[in-house]
Structures are given as C-alpha cells and as structure tokens.
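Trainee: this is the structure alone, sequence omitted:
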DNA sequence: CTATGCTATATAATATAGGATATATGATTT
DNA sequence: AAATCATATATCCTATATTATATAGCATAG
C-alpha cells in the first residue's frame, strides 16, 4: 500500500498558487493579498505568507516588505534571458544524458506528434508533446543542480508560453514548424549521435525564442 | 539623505543564518531547531520558519515536514555537480561580458595577488582575491537569471571551500598554483580576447575541482 | 528470554488569532 | 500648492493552541 504523504498547508498552498501563476490564472502584476488568499484557502495568514516566500525564491512573486506581494511582470528582456539560459543548459544536458534516453519512449512520442499534425487545433496535445520532448532530453542527467536549473527556467518559460499561445491563437503554420523541429530532434536522438542532437535542439530553441517574442509583441 | 531600509525580521534572520551556514559555523547535518533559534535571535518562531523556507530554496537547508530542519550535507558527488555547473556557466558568462570588465579593476586586483604571493598564509587575502576575480568575470553580464544561477552555485562552493581549506591548511604549494592560474586569467582578460580567457578559466576551474576533491577526501 | 507490536507521554513543528507596526490615502493647515 | 497630520488598511510578528512525530514503557507472541 502506498504511504499517505500529508503535505503541510504551506506546501499545498505553494503548489496551488504556483499552478495558478503558471497557467496565468494569476497574470503578471496580480496583487496577492495575504488575507484574501487565506480566506480563499480557508486557512490563516502564516502558511500563505510562507508559500509566498518560496514563490519569491522561484522568481514567480515579488515581495515588498510591509507592502505585500504581486505576481512578477514579464518583460521582453526576460524572454531573451530565459531562452539564453535554455540555449546554454538544454543542449549541454541533452549531450550529457543522450545515452540514458530510453529509446522506447521515442515511438509513442513520435506517434503523438504525428497525431497532432492531423489535429493541429488540439492545444493540450501540442503542449503535452512539447513538455514530454524537452523533459526527455534533460530528465536523465545525473547532476541534480543542472536539472533544478532547467526546471526553474522551464517554469518561467511555461508562464510566457501560455501567455503567448493565447495571443497567437497558434496559427497552423507555427504548429507545423514546431512539429517539424520536434521530429528532427527525435530523429537525431534515435541516431544516438550528440553532434546531430545538439544543432537540432539549438535550432528549435532559437526559433522558439523568435516565435515567443513575436507572439508577445502582438499581444501588447 | 539616504533612505533607511528597514529589513524585516525574516530577512535579517535569513541573512544571519545564511552567513552561519556558509562559513560552516553551522556545519553539514546541524539540526536547526526553530524554538532554539527563535530564542537566540530573540523573536518568535514564525520569522525563523520563514527564513528556513527561503534557505531550503537556496539548497542550504533541508526541511522535513513536522520533523524539523537541518543544514544540508555535502557529499563528494555534490562537489562534482557544483564544479560541472561552474564549468558550464562561468566561462560562458566571462565570454559574454568580457567587453564590460573595467580594465581599471585589473591593476589593484593583480597587486593584491602579488602581495598574497609574499604572504601565502594570509587566508583572508587568499579568499578575498579569489572572490573578487571570479565576480569580475560574471558580475557584468546583463542576464539576471544567469547571474543568479552563478551566485547560487558560488554560495554552495563557498561552504565547501571553507570546509576544505580547514583540512588542507592550504599548503604553500597549492596557494602558488592558484596564484599562477589567477594571474593567467588576468593576463587573458587584459588582452580582451575571449578565446584566451575561456581556456584559462576552464583550466583554473578544473584544477579547483581536483584540489577541492582531494582536500575533502583528506578531511574524511 | 528475546523480539515485536501497541499504547501513553513528551517533544517539536505547524497553524490560529490577535495585536503592533509600517505604508498609503485623504483632509487640513500654512 | 506644498506640507503635515490623522486615519485606514494590510503586513508582520507574538503568543497560544493544535497536531504530528519520536520515545519509552508495557504487553504479547515466538
């Protein structure tokens, strides 16, 4: 029987708030009043404040002493910084862990991507394949610090992505671009040659930055 | 007149505890009992807990629900992971910000390093020159995410360094090695050529990892 | 007689409620 | 119009209550 893990209030509220911020239910600059949140969650102020302290460390919330908390803003330069980090970390991680990628993961992922090609309006499928592909390329690295760094950056990217997706309505043209790049990466992974994976991933990330920036500019 | 910034209790305690952990006053596995700390700082439990939550995000403290907090342990593999991150991030940061390094910083730093050569037992001078040199190479990068990542890693490295220093008693031979590597880096920085800086820094970091690992093994 | 499992107690973390404190806002005075 | 003061609101901290975990003692089975 699986052990029942009782999460503390702090952690439950942390996870809940993080989810709400990452999917933009709480968008940039949203004021997070402690008392109101405490009421909503049916708890007192303290565990809410502790959750906010953790979210500040994650870079998702800004805490001003005696003034309160708000969801961090997204500026255009943040997009550039996030993708600069992705370009630095992810190709390296992929290279270091390529041997550990389970070749059996590839076929079902590839199948889903082909399925997406025939139903390009399925945003959920689009997002889930993207997440699975990128996780495959770093989740097997041994270095926990590297993994944590990539996770942190992916969190920030995810906020922006949802934000940007909304604006572009994901033109079919864009989806097909991404599909092609994903299939390229899978092909390279199948070969087992890091000198093929790295450029394919770099190309995909560089294009992703461009797509995100133009989507964000349209939005404003 | 400069505005007086009143730090919250949470932040004061966070900074104080971080300092104590980083200089190994609170060594690995030290139990951090909330009530005792609250007494010592003359405050109640809440701000202490909030400080511990932040320290957990920094990777300096481990929080087990309903069980308490302890200073994270240092394992040999952590040393390898930390230096792997340093080798990935710092040469890149140096390359990206080399143009922004103030050439006027170089002469006084170089002078202090030469001064160290004549008094190799001055541990304080050794540590401060090392910090200044490495900060010079990343502090001017624009990308705040990259800077934060390096700061995080440096924090962890600092804990281990103090730990390791204690054990080796810093043989003069080791000090002279480091001095030579530092002077190489400064020379490369002065040339303004990233293709000279990067290998000099990589060489220094790789040796630093070896020195740290052997010091740590002696300790145990 | 030893080992295992259960129960009662002690200890420490966690959450609540309330009060102290800092900041922002709007009115009043110069 | 600028500055000062009073008031309101929300954060932050303290004190207390609650809850979860660890420890020691006792009972029971092998």
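Mentor: Perfect, I can see it now. Remember, it's a predicted structure, so these values are computed and weren't measured experimentally.

Trainee: can you list the low-confidence ranges for chain A?
Mentor: By pLDDT under 70, the weakly predicted segments of chain A are A:1-6, A:167-170, A:220.

Trainee: enumerate every residue touching the closest residue to DNA strand C within it.
Mentor: DNA strand C sits closest to residue A:9 of chain A, with a gap of 2.6 Å, by CB to the nearest atom of the strand. In this view, the C-beta of every residue, glycine as well, is placed from N, C-alpha and C. For residue A:9, the contact set (CB atoms under 8 Å, 6 or more residues apart in numbering or on different chains) comprises A:41, A:43, A:47.

Trainee: for those residues, which one is nearest chain B?
Mentor: Checking those against chain B with CB to the nearest CB, the nearest one is residue A:47 at 9.9 Å.

Trainee: hang on, the earlier thing: so what's the backbone phi/psi at the residue of chain A closest to DNA strand C?
Mentor: phi -50, psi -50 (degrees, to the nearest 10).

Trainee: from residue A:20, how far off is it?
Mentor: 16 Å (CB to CB, to the nearest Å).

Trainee: residue A:27 now?
Mentor: Using CB to CB, which is the criterion applied here, residue A:27 is 10 Å from residue A:20.

Trainee: repeat that for residue A:142.
Mentor: Separation of residue A:142 from residue A:20 (CB to CB): 33 Å.

Trainee: now residue A:47
Mentor: According to CB to CB, residue A:47 and residue A:20 sit 16 Å apart.

Trainee: what about these two, which has more around it?
Mentor: Per other CB atoms under 10 Å in any protein chain shown, whichever of residue A:47 and residue A:20 has more neighbours is residue A:47, with 20 against 15.

Trainee: point me to the residue of chain A nearest chain B.
Mentor: Using CB to the nearest CB, residue A:57 is the residue of chain A that sits closest to chain B, at 3.5 Å.

Trainee: residues near the residue lying closest to that residue once chain neighbours are set aside, how many?
Mentor: Of all residues not flanking residue A:57 in the chain, residue B:57 sits nearest, at 3.5 Å (CB to CB, 6 or more residues apart in numbering or on different chains). Using other CB under 10 Å, residue B:57 has 16 neighbouring residues.

Trainee: ditto for residue A:61
Mentor: Residues lying near residue A:61 (other CB under 10 Å) number 22.

Trainee: quick one: contacts for the nearest residue to it once chain neighbours are set aside?
Mentor: Distances taken as CB to CB, 6+ apart place residue A:55 nearest to residue A:61, at 4.0 Å, with adjacent residues excluded. With contact taken as CB under 8 Å, 6+ apart, residue A:55 is in contact with A:14, A:17-18, A:21, A:61, A:69.

Trainee: now do residue A:74 against residue A:9, distance only.
Mentor: Noted for residue A:74: a distance of 29 Å to residue A:9, by CB to CB.

Trainee: do I have it right that residue A:174 meets residue A:211?
Mentor: Yes - Residue A:174 lies in contact with residue A:211 (CB atoms under 8 Å); the separation is 6.1 Å.

Trainee: how about the helices in chain A?
Mentor: Using DSSP state H, the helices of chain A run over A:9-22, A:34-41, A:45-57, A:76-97, A:103-118, A:123-136, A:144-168, A:172-191, A:194-219.

Trainee: out of those helices, deepest packed?
Mentor: Stretch with highest mean neighbour count among the helices of chain A: helix A:45-57 (a mean of 21; mean count of other CB atoms under 10 Å in any protein chain shown).

Trainee: contact residues of chain A facing chain B?
Mentor: Counting by CB under 8 Å from any CB of the partner chain, chain A comes close to chain B at A:6-8, A:10-11, A:46, A:49-50, A:53-54, A:56-59, A:65-66, A:77, A:80-82, A:84-85, A:88-89, A:92, A:142-146, A:148-149, A:153, A:156.

Trainee: can you tell me the closest non-neighbouring residue to residue A:115?
Mentor: The shortest distance from residue A:115 to any non-neighbouring residue, by CB to CB, 6+ apart, is to residue A:125 (6.9 Å).

Trainee: enumerate every residue touching the one you found.
Mentor: Shown in contact with residue A:125 (CB under 8 Å, 6+ apart): A:112, A:115-116, A:119.

Trainee: which residues touch residue A:30?
Mentor: Contacts here follow CB under 8 Å, 6+ apart; on that basis residue A:30 touches A:70-71.

Trainee: next one: the one 3 residues further on
Mentor: Residues in contact with residue A:33 (CB under 8 Å, 6+ apart) are residue A:68.

Trainee: quick check: it vs residue A:143, distance?
Mentor: In this view, residue A:33 and residue A:143 are 39 Å apart by CB to CB.

Trainee: how about residue A:88?
Mentor: Taking CB to CB, one finds residue A:88 at 14 Å from residue A:143.

Trainee: and for residue A:67?
Mentor: From residue A:67 over to residue A:143 the distance is 38 Å, taken as CB to CB.

Trainee: show me which of these two is the more surrounded one.
Mentor: The residue with more neighbours, out of residue A:67 and residue A:143, is residue A:143; 21 against 8, by other CB under 10 Å.

Trainee: wait, isn't that one in contact with residue B:83?
Mentor: No - using CB under 8 Å as the test, residue A:143 is too far from residue B:83 to be in contact (10.2 Å).

Trainee: contacting residues for residue A:66?
Mentor: By CB under 8 Å, 6+ apart, residue A:66 lies in contact with residue B:8.

Trainee: can you tell me how far it is from residue A:34?
Mentor: 12 Å.
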